[in-house]
Structures are given as structure tokens and as C-alpha cells.
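Trainee: One predicted model, sequence on top.
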2 protein chains.
Amino acid sequence: MADAERKLNNGKSRIDFQADPSKYRHWKLTVGGDVATLLMDVDEKGTLFEGYELKLNSYDLGVDIELADAIERLRFEHPQVKVILLRSGKPRVFCAGANIRMLAGASHAHKVNFCKFTNETRNGIEDASEASGLFTICVINGTAAGGGYELALAADHIMLIDDGSSTVSLPELPLLAVLPGTGGLTRVTDKRKVRRDRADVFCTTEEGIKGKRAVDWRLVDEVVPASKLEEAVAKRAREFAAKSQRPAGAKGIALKPLTRERAADGVEYGTVSVELRAAALASEASGQRGHSKSARAGHSPEPGSSARARLATITLRGPQAPPPASAEAMVEQGAEFWPLKLARELDDAILDIRANEFDVAAIVFKSSGDPAQVLAYDRFLDANKEHWLAREIRGFWKRVLKRVDLTSRSLVALVEPGSCFAGTLAELVFASDRSYMLIGKRDGDNKPPATLALATVNFGAYPMSNGLSRLASRFLADPTDLDRAKAAAGETLDAEAAERLGLVTFALDDIDWEDEIRVFLEERASFSADGLTGLEANLRFGGPETMESKIFARLTAWQNWIFQRPNAVGEEGALKRYGTGQKPAFDTRRV
Amino acid sequence: MADAERKLNNGKSRIDFQADPSKYRHWKLTVGGDVATLLMDVDEKGTLFEGYELKLNSYDLGVDIELADAIERLRFEHPQVKVILLRSGKPRVFCAGANIRMLAGASHAHKVNFCKFTNETRNGIEDASEASGLFTICVINGTAAGGGYELALAADHIMLIDDGSSTVSLPELPLLAVLPGTGGLTRVTDKRKVRRDRADVFCTTEEGIKGKRAVDWRLVDEVVPASKLEEAVAKRAREFAAKSQRPAGAKGIALKPLTRERAADGVEYGTVSVELRAAALASEASGQRGHSKSARAGHSPEPGSSARARLATITLRGPQAPPPASAEAMVEQGAEFWPLKLARELDDAILDIRANEFDVAAIVFKSSGDPAQVLAYDRFLDANKEHWLAREIRGFWKRVLKRVDLTSRSLVALVEPGSCFAGTLAELVFASDRSYMLIGKRDGDNKPPATLALATVNFGAYPMSNGLSRLASRFLADPTDLDRAKAAAGETLDAEAAERLGLVTFALDDIDWEDEIRVFLEERASFSADGLTGLEANLRFGGPETMESKIFARLTAWQNWIFQRPNAVGEEGALKRYGTGQKPAFDTRRV
């Protein structure tokens, strides 16, 4: 069955998104001056799950986790690097794409998550180019098939060896009855701008395209004879390096391993806590219902139907100390610098929930700390925005927040007394599907009333994948709403002011708070998980689309659909029959 | 099983997309001066399929076919009408949306096609407003739930009666575990521009929203007390009529019934022939393989796997006579005017294949006639573009061509000797996934060599749903390609010239032609039907997205996915259990 989850390799119980270059099994990262070489040399035995081998530089999520890690390390640890040469360490093959046996045995949920993460990694490669001037040149020395070519598509420049046999191809449809799901189709039409009928020929030609036609059809940027390859690569590297503004003399910071303590009901990081609990426990315990607004709806979630559903509460802690005195002091703090530490921990927490906690229906964001300190860090980063590390940290936050936007869990922000949703942290309120803010103090609680504060960062520093800031996406109807929010930047907004400005969904007083939130979360856990995924994927991205949002919406949604169809995953489907010698049997009905 | 197709009512064997106002069962169309009232009063017994009743103004495809017909008739038969009042003929209910029992019993393919057609109808209402100044005011006198509210969303102005109980709602997710699939979510965020967290509350609140909150949240434009409703409606109608440029004194033309003769292997219309045949017959008969370009691919479609797959060849016939002498003469010809007759017949042919011929893998477009005459009609319509009927005909072609773009069958154009792919008809070549053009004459054939000719219409008159012309979508990479095509407008292009300009995929000589086309079509029929649907849905729409393309891509793709998920369509899913008294059982895993 396509839904039987494979067993993780080496007795692991969770997929871990942290990696360490000294322990990479699939990539060799070497840095020489301003050029780094990232050599893909996949260890066949180094699989994430049991039951397959990673032949021909094919990959699984484990390979991609190392790749994503390498790109981040080049940004933070090697700020002087201007060009990445993405190459294969295997002869006659660049990369055979996602491992087919892995896909055939993976659950639907894993396939979808795998595609999402690999897409985020490819977008990260493009973001490194666009935002940091860290360019990627892909050197294809053999077959680049499927996900292998999709990886190449993420590069700024694709070089193909002209040896009469090396090809690029997207053979997913003819071979496997699925789509190139890691952005391939969208990058072919929207980035490479391949003519649509040629794209049709390309994507239905199993053996791929090579040589001059590959250039004429815009599939690669150049073909180079083997004898001249190294010379040509060096030349291109010099050209791209000359265009980069990355700091020549800068010394990087070490992305030290995260500190994580895992318990049965959550994880403790330095600045982030994750707490997991059953979604319906509170209601079963209290037995109360019916006097809150939501309960009026007459919708009665049956505890039984959501028995397995859980909630993950992510609490973000504000800084313990004021920002450092200078950019140099920030570099000195390195991975301990609060905004970077928090972003890395939040990123890991989100990825962990996505890949390991499928029963989590909703992620509840809370925060604790001094909003003034949070804003002080935002001002510090604003003041140092020309410094490479400040820029990388802002860029990292941008990517983490995009990851949040694309997380298929209901996202809820609870703005409570003692919280610090200000500036950068306020983005989590705007990334949420709903937000609730408590009016005034809690009875018998000394914590200061909840506040929300906007800063410059909320108006452009962190665009969503649709190209708009979260506030601009929120206020599509009336630009004056955005103007009003801008005018309130710097102010300390109480719950009623925040609600009036449209920054939170509901402001509630202490009397309503507990029941209202409880009933809402129970209701959320009672809905169809798939329905919510589709609903949120639509409501979160109003307005324009970009290549990136098209990849995650148009292409991914079609791929999710196809990943369920019997022609792909049925017992007689192409994914199941691949390599068995038996032809797949297809339902020929067009839908 | 969700895939067991329901039986059509009244012993019909095909879904028929032609309707006649004198036989409407569900709508009452009355025209008074420049205001028409379109009253929805669904006949419970008048279902398309057996096994359900259309209670509470709920609808099935049959109801929507009449609605689409009514909108077209208002455009062509009543050019003086400026405002449509969309109302319910039932007390206390506007429309309960798509019939749930119909959905629960429909095949996946029918659900997807149903949503596609209803979306096209809603877009048609919006197009009437935008392109013709035929505005729609929706008057909601009771419940407008799900598809009922989605219908309202298509209007220019939504009025909700303020009676303390009338609501608008999108209860699909909480009730049925599916999405509002007729553009609802996209129109809420992108047309009504409802704030995303409010949209979240709205779409998860089964009982809907009414009164002042419905206005504050932009869900409706105004609420009106019952006592003042008629007065307010009349006032709004006058306001919208004042903004319309529709011709006050014009007399419409009758959209006479199409002439269709159906045989076992196709349909004959006046200007269109549809021929159906098995996809693999030719190959089985000839037994030839292997010396064409495609055969080199090594991909050997197994005849068995595509045994049911068929091809539909649609041949479009050029005009028999030159265009009329004047606009008045065109009005005189009415529905017999060649461009209108052809468009109506093509539209019917496409809809018939979509809904009744699921095993058709590819639609092959051919044409026959004199290209000079086709261009003469294009020039005639250009010259009369200010005339209301010329404008409506061009608009109708635009919608038919969009329907072609959105048809989930492989689209192939064969440009052969004797064909007339010029101007408007050339759009079918550019709408196709691939096009082949024969070089020179055929051996022993007197027909003139194939030509292709561009005209002004090819550069903007027929935008795709992404807002670009088909040629602009084709030449995304290099605007000078589009300039070159423009410069060639008016020329008679032979196959090699057309290929050089990038207007066809391949130009082939007579020696290669037959095998090449045969192998290609067989290969196409051998691929996974679902995979092709997803592939083509992505490759056809490079570049920008619009609200319309978002509806068909983002929203529809997610809905297709959800329409397969057990939480919706499984034996314990919400669609199946709706109305049984049993709660659905959900898989709580988020994907």
C-alpha cells in the first residue's frame, strides 16, 4: 500500500533536519577562495528509510537535508564565496532524480512533504543568488533526469557536457505517471521560458534531449565538449564571481549544532519550546460547552472523530539581553545572536512537526518576553542592514516565515499577557490563519497586558512567496488599511487597538478567552485534515502569484492529486510497476 | 463507490449542453426594457441523473447548463438588456448550492467536470459585465449556501435581505470535507478581497454570516430590510444600467438550435465534424513501427494498456461564401453567420467530448477551406468591431477558446493541405499542446500545400485565462519572437516559414508525416490520463496568473485532490455520510 510508511534506517524514530558537514554522506563541500564546489556523490547505502538503495546519484529526503544545510552554511560560514559549482562525483551521471523505490514505498504524506522540502531547497538556491549574490553554476556531466534536472533548473547557469550521450530529461510522466514535482514544469515554462509545445515534447520524451537542441530549446545554457569543460567552467565561475557583491574579506560564523532536549510531549530549544498535547483533552476534562461564540454555531465536534488530533504549541522567547553594541559584536555572538538562534530553532521545530507529527492539527504560536527588546533587535538589524551577516539573518527569517506559510497545519497566534509579538515576531501573527488577543490583564496574573507592535520590518522585509508582505496580503481590499498600520508603527497597541487596525482576528476578554480558544481548537481538530490543507493553501495566498507561489500552488496541487491516482500509485500503477518488467495498466479516462 | 457513474435521467445516454428557454425547468427569464430578471426556481424532479432531488434550489449540471444558456441568450438575443437581476423564486432560500447527494454519487470525473463547467459559467457572468456592460445584481432573499453563495460572488453587486435569518455561507469544509470549488475561495480573497483571517472564520462557520457583519467583512455589498428591498433593487438596477454602454435600440438575433447528426463514430454539425476512433487501430492494422523520430525514443506503448483510449478529430470548415456586405447583413444572417455558427458548434463539440467521451485521449484539430475567406471574415469583424454583434461574436470566440485551453485532453493541431488555419482559426494551433504542419503537397493529392496565416486577432483579441494572448504565452522567452510573428501577419506562411517563426512544433514532409503522427498519437494514448491532465494544466499556462487562472489552477487542483481523499469520498467520509445521521470518521493526518 502506498500509505504504509517505510521504516527509518538505522533505528531512528524521527526524521532529523539538522546536518553537519563533517558527517555528510552524500555531498562533498570544498571551498577555494570565492568558488565552492558542491559535489553530489550519493552514498547508495545512506538512505533515510529502509528498503531501497540510492543508485545513480538518486536522492531521498536525507540527501536533500544535507544539500539544504550546505547552502545555508555557504551563506553564513563562507560569506566570501560567490559561486557554487554544483557537480556530480559520479562518472556519466549527474543525478537520476528522486529515488523511485523510495517514492513507490512512501506514504502519500511523506511524498507530499518530500516534494515540499525539496522545492524549498531549490528556492533557497535561487534565493541565495537573488538576495545574496551567491550564484550557482550547474555542471552536468552525464544524465540529469527528473529531479536531477530540476536541481539543475535551480541554478543560474546550466552547462551540459557535449559527449553525444549526456542528456537532460523530465521522464516522470512517461516512466512513472507522475509529474516532475520539484518545480520542474514551472521552472521550464516560467524560468527557462521554454516554448510550451517544446516543453510538451521534452516532458514526454523519456530519453531526454541533448546537445544543440538542448541549447536551442533553452533547456541548458551551453553545451561544452569534454575536453574544454574545465576551462569553460573556470571561465563561467570567474564571470559570475565578478557580478557578485558578496564581501571579499569577511569571515563567517559557525552554525553550531542546535541544543535540543526532546521529551515525550515536546522539545526544548534555547529560545523555543514546543509542547504537544491531545486536541480534545481540555474539553473532555471540563465537559463545558455552549456559551462561547463558536459554540453558537451548533457545530459539535465529536471527540471520537478527532481522537488522534493533537496541538503543537510553539512558544518563542524574546531576547535576554539588549542587542550587541556593534556589527562586529554580532559576528562575535555568531549563532548565539538571538534573532539567528531563534530563527534556526523555529525552522527546526516547524520541519520536525511537518515530517514527524502528522496528527498535529494546529500549531499555536505563543511568545514571552519584552516587546521593547524585540524591537531593539529589529532596529539593530535595520541599522546594520548593509552588513553581510545582518542581511543573511533577515534573509533567513524571510525563508523561515515562508516555510511557516507553507506548513499544512492550521496556524493560530495567541497574543496574551507577557507576550512579545513585535516587529519580526509579529509576522507570526500575520502568518496565522487566525489570531486571538486578550484584552487587559488576566485575573490574578501580574503579567502586563498583551500588546502588539509594528516596525519597519513588517512592511517589506519578509515577502511571502506571492511577493507581498504579510500585511499587504492581509489588506488587499483597501490600501488605506496598510497606511493606517504603517502610521501605527512603533506604537504599543493594546488588544482593542490591534483589532481596530485589523491586525488580529478577535480581541477577547478574560471571561470569554478560555472557552473561545478551546472550542475553536477542538472544532479545528474535528474538521477534515485534507479539507483544511486545501482551504488554507488558498486563503493564505490572495492576490498575485509568482513563479515560487505557482510551484507550491499550481504544480504541487496537481502533483498531490496525481500522487493519489491509481495510474500512479495503484497496484498496477506506474510507480508500483517500475522496474518489475511489467507494464503499468492505466485507466484511460481523462478527468 | 464514488466512481460508479450515476444513470442519466429520462433514459438519456449523453449529457446535452444545448438548452432552450421555452423548455427551461429551473430558470425563468423575463426581460423588461433594459432589465432582465433571471429567477432561479429549481424543479426538484428535473434532475440530470437519477437518484436525488434538487431540493432548496440546489443544483446539478443540468441546472447550470440552463443558466449558461440564459446568459448567452441575454448577450445575443437581448442586446438592449443592461442589468440582470439574479433572484430566487423560492421563499426563504436563495440557493443551497451544488446538490450533495448528486455529488456523493457522482464519479470523480463528473465532479471535476461539473466544477469546471460551473466555473466557466460564473466566469461568463463576470465576462458579460466586463466585456459587454451586462451587469448582474444578485438579490439574496434567504440562505445562499456553498455554490449558492459562489453564484452570488459572480455578480457585480450582492444585496442581502436583512431579516435576522438570511445568511451567506461556504459550509463545504465543515459539512462535507471538501472545498467551495466553484471559484468560491478565490473570489472571496481576490475579488471580494475579504481579509484572510475573516475568510478563514467565514469558511469554517457552517451557519454562515448575516447582517452588518456580512457587509463589514465585504461578503455582500449591502443588507436591506425586507420592506425596502424592491425599492432598493430598482434603484441599484437603475444605477448599473446608467453605467452600461449596451445598445439601447438594438434588436437581437435568435440563437437557433444547432443542427447535429449523431452517428456511432461521431457528430456532424453544419461547419464542424467530430470523428471518434480507437487510438491504436492504425498501428494494429499497419504493424509498422520504428522508423520515425518518436519511435527512436524506445518508448513502446503497449496496445493493451491503451485499448480503450480514443481520438476525437474535430474538423472545422471554412466559410462557403464571402462575408456579408454590412453589419446589418450580418445581423440578418444571425446564427447562420459563419463565425458565430462555427463557434457555437465547436463549443458544443468540446463540451460533448468533455462530459461524454472520457476515453478520448486526444482531440485532433483539422480544418478545411479557403484561408483567404477566413481572413476576410476576420477583417469584416475588425471593421465592425464597434457593432454590438461583432463584439459579442469575438467575445464568444474568446470564451470558446478558453474552454479549449481548459479541456483536459491532449490537444493536437494537424495543419495539412487544404486546411484554413488562418486568423481566428490559427488560435486552435496555438491552443494545442503540439502542432504538426505538412511541407508541400501530398503525393497524388491536388489540394494546395498547407499554409498558416496570422491576423490582427492573433495579438490580443482572444486572451487566455492568464491574461496573455496565445502567441504571447508561446513567446515568453523573447519578445522579439512576438514582434517577428506580428511582422509576418497577413503573409501566407508555408510549413517551413511557420516552423521558423515558431508557430508550429514540427514541419514534416509527406514521407515522415503518417508514421510520425501515428506514433505520437499512440504514445499519447499510452500515457497515464491523469499525468497528462496535470502536465498540460501546467505547461499551457506559463507566466502570469489572474483570478480566473487561479480558480482553474490553484483552487481546482486542490479541489480535485480533496475530491479523492477518503475524508470526503470514503465510505466513512463526509460526502458519503452527509444526511445519514452518522458523523464522518476522519483520518486526522495532515498532508
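Mentor: Yep, it's here.
Trainee: does A:Arg6 sit in a helix, a strand or a coil?
Mentor: At A:Arg6 the chain is in coil, as set by DSSP: H, G, I helix; E, B strand; the rest coil.
Trainee: Which residue comes closest to it once chain neighbours are left out?
Mentor: Distances taken as CB to CB, 6 or more residues apart in numbering or on different chains place A:Phe49 nearest to A:Arg6, at 3.8 Å, with adjacent residues excluded. C-beta: built from backbone N, CA, C; applies to glycine.
Trainee: got the contact list for that neighbour?
Mentor: A:Arg6, A:Lys7, A:Leu8, A:Asn9, A:Asp60, A:Met102, A:Gly105, A:Ala106 (CB atoms under 8 Å, 6 or more residues apart in numbering or on different chains).
Trainee: Distance of the last one relative to chain B?
Mentor: Computed as CB to the nearest CB, to the nearest Å, the A:Ala106 to chain B distance reads 12 Å.
Trainee: Tell me how many other residues surround that residue.
Mentor: The criterion is other CB atoms under 10 Å in any protein chain shown. On that basis, A:Ala106 has 29 neighbouring residues.
Trainee: is it true that it touches A:Val112?
Mentor: No - counting by CB atoms under 8 Å, A:Ala106 stays clear of A:Val112, with 9.5 Å between them.
Trainee: Now do the helices in the stretch 101-250 of chain A.
Mentor: For the stretch 101-250 of chain A, the helices defined by DSSP state H, counting those that start in this stretch occupy A:108-132, A:147-153, A:172-176, A:184-186, A:196-203, A:211-216, A:229-243.
Trainee: err, the stretch 301-450 of chain A, not the other one
Mentor: Under DSSP H, counting those that start in this stretch, the stretch 301-450 of chain A gives helices at A:327-333, A:338-356, A:371-383, A:388-405, A:426-431.
Trainee: Which among those helices is found nearest to B:Glu268?
Mentor: Of all the helices of the stretch 301-450 of chain A, the one in closest proximity to B:Glu268, counting by CB to CB, is helix A:388-405 (53.1 Å).
Trainee: The closest one and chain B, any residue contact?
Mentor: No - contact of helix A:388-405 with chain B (CB under 8 Å from any CB of the partner chain) is absent, the minimum separation being 10.9 Å.
Trainee: What is the neighbour count of A:Leu539?
Mentor: Around A:Leu539 there are 22 residues (other CB under 10 Å).
Trainee: For it, list the residues it contacts.
Mentor: With contact set as CB under 8 Å, 6+ apart, A:Leu539 has these partners: A:Asp433, B:Leu185, B:Val188, B:Thr189, B:Arg196, B:Ala199, B:Asp200, B:Cys203.
Trainee: among those residues, which two are most distant?
Mentor: Going by CB to CB, the pair spanning these furthest: A:Asp433 and B:Val188, at 13.8 Å.
Trainee: Neighbour count for the two, which is higher?
Mentor: B:Val188 (27 against 24).
Trainee: List the contacts of that one.
Mentor: Applying CB under 8 Å, 6+ apart, the residues near B:Val188 are A:Leu539, B:Leu153, B:Leu170, B:Val194, B:Ala199, B:Phe202, B:Cys203, B:Leu219.
Trainee: Repeat the analysis, applying 6 Å as the threshold.
Mentor: Contact analysis of B:Val188 by CB atoms under 6 Å, 6 or more residues apart in numbering or on different chains lists B:Val194, B:Ala199.
Trainee: Low-confidence stretches in the stretch 301-450 of chain A?
Mentor: Regions of the stretch 301-450 of chain A meeting the criterion pLDDT under 70 cover residues A:301-307.
Trainee: Chain B contacts on that one?
Mentor: A:Glu302, A:Ser305, A:Arg308, A:Ala309, A:Phe358, A:Asp359, A:Ser408, A:Arg409, A:Asp433, A:Arg434 (CB under 6 Å from any CB of the partner chain).
Trainee: Quick one: buried ones out of those?
Mentor: A:Ser305, A:Arg308, A:Ala309, A:Phe358, A:Asp359, A:Ser408, A:Arg409, A:Asp433, A:Arg434 (16 or more other CB atoms under 10 Å in any protein chain shown).
Trainee: what about chain A, any weak spots by pLDDT?
Mentor: Looking at chain A by pLDDT under 70, you get A:1-5, A:280-307.
Trainee: for it, which residue is closest to the average position?
Mentor: A:Arg403 (3.6 Å; CA atoms, centre = their mean).
Trainee: any idea how far that one is from chain B?
Mentor: 15 Å.
Trainee: how many other residues sit next to the closest residue to that residue other than its chain neighbours?
Mentor: In space, and not counting its chain neighbours, A:Arg403 is closest to A:Ile350: 5.6 Å by CB to CB, 6+ apart. When counting by other CB under 10 Å, one arrives at 23 neighbours for A:Ile350.
Trainee: what do you get for A:Ser22?
Mentor: 5.
Trainee: likewise A:Ser165?
Mentor: Other residues near A:Ser165 number 11, with proximity taken as other CB under 10 Å.
Trainee: what's the closest non-adjacent residue to it?
Mentor: A:Lys210 (7.2 Å).
Trainee: burial of that neighbour, as a residue count?
Mentor: Quick note: A:Lys210 (other CB under 10 Å) scores 23 neighbours.
Trainee: Next: A:Glu231.
Mentor: 10.
Trainee: Kindly report the same for the one 5 residues further on.
Mentor: By the criterion of other CB under 10 Å, A:Arg236 has 21 neighbours.
Trainee: Which residues are in contact with it?
Mentor: A:Ile137.
Trainee: any residues touching stretch A:71-82, and which ones?
Mentor: Under CB under 6 Å, 6+ apart, the answer for stretch A:71-82 is A:31, A:34, A:36, A:124-125, A:128, A:132, A:241, A:244, A:246-248, A:250, A:252-253, A:255, A:388, A:392.
Trainee: Among the residues you listed, name the buried ones.
Mentor: Buried among these by 16+ other CB under 10 Å: A:31, A:34, A:36, A:124-125, A:128, A:132, A:241, A:244, A:246, A:252-253, A:255, A:388, A:392.
Trainee: tell me the residue furthest from the middle of chain A?
Mentor: Within chain A, counting by CA atoms, centre = their mean, A:Gly444 lies farthest from the centre, at 40.6 Å.
Trainee: how close does that one get to chain B?
Mentor: 30 Å.
Trainee: One more: A:Val400?
Mentor: Taken as CB to the nearest CB, the span from A:Val400 to chain B is 19 Å.
Trainee: which residues touch that residue?
Mentor: A:Ala343, A:Leu346, A:Asp347.
Trainee: For ChimeraX, write a command that selects the buried ones of those residues.
Mentor: One line in ChimeraX is enough to select the buried members of these, burial here meaning 16+ other CB under 10 Å:
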select /A:343,346,347
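Trainee: State the distance from the closest residue to A:Gly440 other than its chain neighbours to B:Ser432.
Mentor: Excluding the flanking residues, the one nearest A:Gly440 by CB to CB, 6+ apart is A:Pro449, at 5.3 Å. Look at A:Pro449 and B:Ser432: by CB to CB, to the nearest Å, they are 63 Å apart.
Trainee: can you check A:Leu8 too?
Mentor: 47 Å.
Trainee: Looking at the two, which has the bigger crowd around it?
Mentor: Set side by side, A:Leu8 and B:Ser432 show more neighbours around B:Ser432, with 28 against 17, by other CB under 10 Å.
Trainee: Surely the more buried one touches B:Ala413?
Mentor: Yes - at 4.1 Å, B:Ser432 counts as touching B:Ala413 under the criterion of CB atoms under 6 Å.
Trainee: any idea how far chain B is from the residue nearest to A:Gly440?
Mentor: A:Pro449 is 21 Å from chain B, by CB to the nearest CB.
Trainee: which phi and psi does that residue have?
Mentor: The phi and psi values for A:Pro449, taken as degrees, to the nearest 10, are phi -50, psi 150.
Trainee: A:Arg262 now?
Mentor: Residue torsions, per degrees, to the nearest 10, at A:Arg262 are phi -100, psi 130.
Trainee: so how many other residues sit close to it?
Mentor: Residues within reach of A:Arg262, counting by other CB under 10 Å, total 12.
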